[in-house]
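1. Quick one: sequence and predicted model below, then my questions.
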Amino acid sequence: MTDSYQMFPSVVTAVEQLTPLIKRFTFKRKDGENFPEFTGGSHIIVKMNDRLSNAYSLMSNAQDLSTYQVCVRKDVEGKGGSVFMHDHCTEDFTLEISSPKNLFELAPTGEKHILIAGGIGITPFLPQMDELAARGAAYELHYAFRSPEHAALLEDLKQGPHGANVFTYIDSEGSKLDLNTLIGSQPQGTHVYVCGPKPMIDAVVDTCNQNRMRDEYIHWEQFASSAPENGEAFTVILAKSGQRIEVMADQTILQAIESLNVDVECLCREGVCGTCETAILQGEAEHFDQYLDDDEKASQQSMMICVSRAKGKEITLDL
């Protein structure tokens with residue numbers, strides 16, 4: 001089981017409308033202490049109330065821990081967290097902020113680092129560029145977005161210390177990111193990182209594979225679950241009680257268990273935070289999380305019950 005996050009009672013100290021759909025939120029701990037240290041690519045869990053919590057990439061200065069900052073894109077088709085943040089989290093609103101975790105770390109070495117962002121996927125790259133600049137590493141940010149009014153932090157990027165390393169692509173103006181040319185022209189030993197919509201991530205990974213890049217040089221992050229909306233129904237057996245629970249095609253294991261008032265800790269519900277990691281005692285999982293690495297998934301020792309499903313008709317869990 002994964003270690004639990006440490007949660008810090010906090011308050012919203014600033015809210016900025018960056019684009020029609022994106023707001024930047026600044027948080028401060030209620031006890032006045034600094035937040036924990038973090039590295040570029042880290043995320044936190046923002047717990048708005050007992051029902052809503054989401055994972056967001058930290059975008060603030062890692063050298064100033066008096067506050068944390070995140071950007072939130074309003075998604076009316078989502079699970080409610082982003083809408084709540086936009087509609088209710090004004091200055092002085094109180095909530096809980098988790099300790100940071102990093103599933104999207106920069107490689108410690110590399111000939112070059114190519115950062116590819118789509119839309120709100122820009123956020124983890126802000127502290128990462130600070131880290132790369134401090135190292136004296138070669139890096140470029142390639143930022144694609146639909147139109148200028150949807151480009152969060154564009155002016156800050158152009159006018160800030162990384163301006164010469166930033167390249168933008170605006171769909172509404174016919175400017176397209178040519179992945180084949182970009183990735184194919186990089187020197188051997190280049191690391192490629194991508195954060196954004198799933199189609200962009202898939203395209204970048206496919207292009208890297210076509211250029212025969214080794215897996216350890218390809219890095220990506222997305223907070224939306226990759227699980228299908230509907231899968232096959234199956235049965236979950238809770239080993240501690242012997243209870244058998246039917247998980248419908250449009251349900252997650254977590255939802256099925258919660259419907260019977262069985263309490264399981266889960267902060268993100270997107271397979272990112274790791275808090276619902278549960279040991280598999282019998283059967284195999286079809287993994288859709290972003291927390292376990294490939295070796296951990298292949299071992300079939302545990303699963304994230306908020307997104308992953310049984311590979312067969314039945315699975316027994318240590319619950």
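-> Looks like it arrived, so ask away.

2. What are the buried residues along stretch 292-303?
-> In terms of neighbour count (16 or more other C-beta atoms under 10 Å), stretch 292-303 has its buried residues at 292, 297, 302, 303. Just so you know, the C-beta spots here come from the backbone N, C-alpha and C atoms, and that holds for glycine as well.

3. so who does residue 203 touch?
-> residue 179 (C-beta atoms under 8 Å, 6 or more residues apart in numbering).

4. which helices and strands does the helix or strand bottoming out on mean pLDDT in the chain pack with?
-> Lowest on mean pLDDT, DSSP states H and E among the helices and strands of the chain sits helix 154-159, with a mean of 86. Other helices and strands packing on helix 154-159, by 3 or more C-beta pairs under 8 Å, 6 or more residues apart in numbering; DSSP states H and E, are strand 139-145, strand 166-170.

5. Each with direction, which strands does the longest strand anywhere in the chain pair with?
-> Of all segments of type strand in the chain, defined using DSSP state E, the longest is strand 7-17. Sheet pairing of strand 7-17 (DSSP bridges) gives strand 22-29 (antiparallel), strand 94-98 (antiparallel).

6. To residue 165, which of the ones you listed lies closest?
-> For residue 165, the closest of these is strand 22-29, at 21.7 Å, according to C-beta to C-beta.

7. For the very next helix or strand once past the closest one, list the C-alpha coordinates in CSV.
-> From strand 22-29 onward toward the C-terminus, using DSSP states H and E, the following helix or strand is strand 42-47. Extracted in CSV, the C-alpha atoms of strand 42-47 (Å, rounded to 0.1, in the frame of the first residue of the first chain):
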residue,chain,number,x,y,z
SER,A,42,5.3,17.4,-8.7
HIS,A,43,1.6,17.4,-8.1
ILE,A,44,-0.5,18.1,-5.1
ILE,A,45,-4.0,17.0,-4.1
VAL,A,46,-6.4,19.9,-3.5
LYS,A,47,-9.2,18.7,-1.2
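
8. Can you report how many residues lie near the closest residue to residue 95 other than its chain neighbours?
-> Distance criterion C-beta to C-beta, 6 or more residues apart in numbering; nearest residue to residue 95, sequence neighbours excluded, is residue 48 at 5.2 Å. When neighbours are defined as other C-beta atoms under 10 Å, residue 48 has 18 of them.

9. What of the one 3 residues further on?
-> Taking other C-beta under 10 Å as the criterion, the count of residues near residue 51 is 10.

10. What distance do you get for it to residue 30?
-> Counting by C-beta to C-beta, to the nearest Å, the gap from residue 51 to residue 30 is 21 Å.

11. Span of stretch 136-150 from start to end?
-> Using C-alpha to C-alpha, to the nearest Å, the span of stretch 136-150 from its first residue to its last is 31 Å.

12. now the angle from the longest strand of the chain to strand 42-47?
-> Computed with axes from the mean of the first three to the mean of the last three C-alpha atoms, to 10 degrees, the direction of strand 7-17 lies at 100 degrees from that of strand 42-47.

13. And the strands paired with strand 7-17: which comes nearest residue 169?
-> Set against residue 169 and scored by C-beta to C-beta, those come closest in strand 22-29, at 17.9 Å.

14. got a list of contacts for that closest one?
-> Contacts of strand 22-29 (C-beta under 8 Å, 6+ apart): 8-18, 35, 46, 59-60, 66-74, 85-86, 89, 95, 97, 120, 150, 152.

15. Narrow those to just the buried residues.
-> By neighbour count, with 16+ other C-beta under 10 Å, the contacts of strand 22-29 hold 8, 10, 12, 15, 18, 35, 46, 59-60, 67-74, 85-86, 89, 95, 97, 120, 150, 152 as buried.

16. Indicate which one of the helices and strands packed on helix 154-159 is closest to residue 319.
-> Evaluated with C-beta to C-beta, these place strand 139-145 nearest to residue 319, the distance being 42.2 Å.

17. Could you check the angle the closest one makes with strand 166-170?
-> Here strand 139-145 points in a direction 20 degrees away from that of strand 166-170 (the same axes, to 10 degrees).
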